[in-house]
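Peer 1: build me a model from this:
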Amino acid sequence: MKANIVAFTTLAFAAAIATPAFAAEASAFERGATWSTHNHGCNGGNRTDALHRDPDGTLWAGCGTNATGYGLFRSLDGGVTWAAAPVSPADAFHEFRVNSISRGHDNALYVAGFKPGVVQMVRRVATTSSPHPVTDTLTGVAQTGRQFHVGTYRELGDGRAIAEALTSTNLLYRPNATVGSSASNWVRELGTVQMLDMTVYGDRFYGAGSRNVEPPRLFLPPRTTADPYQFETLELQSGTGWRGELWGIAVNNRRLVAVGMDQDNSVGKIFVGTGDYYFPGSYVESSMSSITGDATTWARGACIARNRVVVVGERHPMGAGSGRVLLSNNDGASFTVITPPGAPSSINKCVIEPDGTIIVAGAGGFVGIRQDPDWIFRNDYERP
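Peer 2: Predicted structure coming up:
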């Protein structure tokens with residue numbers, strides 16, 4: 001069983017709901033910040049499906065949602081200019097749909113998604129030399145549940161790893177770093193709940209997901225000696241509440257933020273948990289539409305740094321300028337709309353630099369960089 005599900009009633013959850021007031025104009029504190037816009041290599045109508053920042057500031061982006069959405073791209077100047085990553089073989093990602101980018105236990109870059117034919121699912125990029133040698137970490141085999149388009153791939157510090165399926169409840173688990181790349185060597189877990197995003201904090205896996213006909217769900221680390229893929233799954237609505245998915249998750253030592261969409265009412269949702277993450281009453285729910293003033297919205301991703309929370313997504317119907325970016329400087333208690341000028345139809349990913357600079361990426365190769373020089377002087381800057 002992939003998960004033990006904990007539910008609570010809509011009435012109990014309603015007591016935890018707090019919806020911030022509409023805030024279309026930035027506060028006086030944020031008015032000193034400025035946006036610049038740029039472009040990376042994921043052009044066309046596809047989203048940016050992966051955005052990763054290294055500690056040295058190197059940025060990596062990938063795309064994989066349509067026929068032209070292939071490749072791995074890199075920026076060495078904070079997102080201003082981009083180029084295809086220098087890899088060997090040179091065509092290692094030419095037909096690879098990238099959905100996930102992260103650093104692993106050995107500090108190599110791990111790029112996950114799907115390439116048909118040889119069924120490449122996760123590829124290791126050794127970035128200590130250039131061009132970067134690329135090898136396979138996970139390849140599919142013709143067995144049920146052992147070849148799929150990877151939605152997210154993450155590793156723990158000792159090499160234990162999870163690859164979860166983009167469009168099903170399948171999950172493959174590597175119990176240690178010595179396991180070979182063939183999916184036949186990995187532990188297969190067929191769960192009952194769809195995962196849509198995953199992250200690692202405190203050397204433990206956290207996930208979010210569900211389906212549009214089910215309650216939104218979190219996947220929390222087991223509190224027992226169970227293997228780390230045996231999540232405890234927390235429902236954030238009862239069966240009588242709204243139904244929908246959580247598309248993004250971010251965790252640090254101050255809070256857990258999960259975002260998604262109420263499919264019954266076509267409204268983006270933001271959940272902020274600051275207490276016991278296993279207790280449903282710890283989460284405060286916000287409506288993205290109430291913040292942006294748009295009737296129909298979708299929250300796609302989130303990132304956090306200290307007291308700062310950024311949520312990205314879009315309004316519907318989608319079109320030029322329908323992407324949205326929200327900012328909180330108070331741990332998610334309230335949000336301000338800070339959407340950059342010239343926003344694309346959707347903004348899907350974000351990262352926050354140590355100095356508070358916000359970088360967002362979205363459809364058509366869009367990159368927005370928001371510099372906020374005053375943020376470093378906030379009282380809690382030194383806190384993690």
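
Peer 1: give me the below-cutoff pLDDT ranges for the stretch 201-350 of the chain.
Peer 2: 238-240 (pLDDT under 70).

Peer 1: all strands for it, in order.
Peer 2: 204-209, 217-220, 231-235, 244-251, 256-262, 267-273, 283-287, 296-305, 308-316, 323-328, 336-337, 347-352 (DSSP state E, counting those that start in this stretch).

Peer 1: turn those into a markdown table, including mean neighbour count and distance to Leu51.
Peer 2: In short, each C-beta sits where N, CA and C put it, glycine included. Converted to a markdown table, the strands of the stretch 201-350 of the chain look like this (neighbours: other CB atoms under 10 Å; distance: least, CB to CB, whole Å):
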| stretch | mean neighbour count | distance to Leu51 |
| --- | --- | --- |
| strand 204-209 | 24 | 17 |
| strand 217-220 | 26 | 21 |
| strand 231-235 | 23 | 24 |
| strand 244-251 | 24 | 11 |
| strand 256-262 | 28 | 15 |
| strand 267-273 | 25 | 19 |
| strand 283-287 | 21 | 23 |
| strand 296-305 | 25 | 8 |
| strand 308-316 | 26 | 10 |
| strand 323-328 | 25 | 13 |
| strand 336-337 | 18 | 21 |
| strand 347-352 | 24 | 4 |
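
Peer 1: what about Gly202, neighbour count?
Peer 2: 10 (other CB atoms under 10 Å).

Peer 1: re earlier: let's have the strands of the stretch 201-350 of the chain in TSV, adding distance to Gly364.
Peer 2: Shown next, in TSV, are these (distance: least, CB to CB, whole Å):
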stretch	distance to Gly364
strand 204-209	26
strand 217-220	31
strand 231-235	35
strand 244-251	19
strand 256-262	22
strand 267-273	21
strand 283-287	27
strand 296-305	15
strand 308-316	13
strand 323-328	10
strand 336-337	21
strand 347-352	11
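
Peer 1: so Phe205 makes contact with Phe219?
Peer 2: Yes - the pair Phe205 and Phe219 passes the contact test of CB atoms under 8 Å, sitting 7.5 Å apart.

Peer 1: what sits in contact with each of these two?
Peer 2: Here Phe205 and Phe219 have 198, 231 as joint contacts, going by CB atoms under 8 Å, 6 or more residues apart in numbering.

Peer 1: quick one: which of the strands of the stretch 201-350 of the chain is nearest Ser88?
Peer 2: Smallest distance to Ser88 across the strands of the stretch 201-350 of the chain (CB to CB): 26.4 Å, for strand 347-352.

Peer 1: the next helix or strand after that closest one vs strand 308-316, what angle?
Peer 2: With elements assigned by DSSP states H and E, the helix or strand that comes after strand 347-352 is strand 358-362. Angle, strand 358-362 to strand 308-316, by axes from the mean of the first three to the mean of the last three CA atoms, to 10 degrees: 20 degrees.

Peer 1: ok, back up a step: so which of the strands of the stretch 201-350 of the chain comes closest to Trp35?
Peer 2: Taking CB to CB, strand 323-328 is the member of these nearest to Trp35, at 9.3 Å.

Peer 1: and the closest one, what does it pack onto?
Peer 2: On a contact count with 3 or more CB pairs under 8 Å, 6 or more residues apart in numbering; DSSP states H and E, strand 323-328 meets helix 288-292, strand 308-316, strand 336-337, strand 347-352, strand 358-362.

Peer 1: now do the closest residue to Thr58 other than its chain neighbours against Ala85, distance only.
Peer 2: Nearest non-adjacent residue to Thr58, counting by CB to CB, 6 or more residues apart in numbering: Leu76, 6.0 Å away. Between Leu76 and Ala85 the distance is 11 Å, computed by CB to CB, to the nearest Å.
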